[in-house]
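Chemist: need a structure here:
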Amino acid sequence: MDRETKIVLVVCFVLVAALGLTSGMLMNRVTEPGSEKITYTSEEVKPPGDGQILQWHRVAAFTGSGDDYQCFTIRGSKFMVVMSATPMINYDINIMTVDVLRDGAGIATDTIDWGPTESPKSKTRRIEVSGGPGTYCVSVYSTELESWKVTIWDYY
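Modeler: Modelled structure (predicted):
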């Protein structure tokens, strides 16, 4: 092999290695659950009579990577469950399901999932529930998740 051929082969090898390293870093880049900016501002709704402005108030936040069950108390007439998760990078099916319960009965549910070839970016979903004041619970079911976060917002 002459000198020019060796130089071309070395340059090609370095370029392929750099491309592989860069693409690997980009594929493994994951955002922290909850790092996306979610802003809840008042909806400027005045109930009849007292003139109070209704707005979203954070009640609780739960994090984990496995199944969980947590309860919370709501003061307003509706609330929102914001769920976000980051899957494991294992080319498997990754799932997060959140059930909202009152007195042991399911009243709302939602699921975040990733297919085996889908990008492992964090996803966020929201469940809005109109159930009135009282104690509610969330049941989190996870399959192959790196981490998840559930935040409860009360509207009063």
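
Chemist: where in the protein is the helix or strand with the lowest mean pLDDT?
Modeler: The helix or strand of the chain with the lowest confidence, counting by mean pLDDT, DSSP states H and E, is helix 3-28 at a mean of 81.

Chemist: mind listing the strands the helix or strand that that helix is followed by pairs with, and their directions?
Modeler: Elements were assigned by DSSP states H and E; along the chain past helix 3-28, the next helix or strand is strand 56-64. In the sheet containing strand 56-64, the strands it pairs with under DSSP bridges are strand 145-155 (antiparallel).

Chemist: return the distance of the partner strand from the chain's centre.
Modeler: With Cα atoms, centre = their mean, to the nearest Å as the basis, strand 145-155 stands 7 Å off its chain's centre.

Chemist: domains of this protein?
Modeler: Residue ranges for the domains of the chain, per automatic domain parsing: 1-30, 56-155.

Chemist: where among those is the average confidence lowest?
Modeler: Set side by side, the domains of the chain show their lowest mean pLDDT on domain 1-30, which sits at a mean of 79.

Chemist: how much space between residue 76 and residue 115?
Modeler: With distances taken as Cβ to Cβ, to the nearest Å, residue 76 is found 37 Å from residue 115. Placement of C-beta: from N, CA and C, glycine included.

Chemist: ok, the two, which is more surrounded?
Modeler: The residue with more neighbours, out of residue 76 and residue 115 and counting by other Cβ atoms under 10 Å, is residue 76; that gives 18 against 10.

Chemist: thank you, goodbye.
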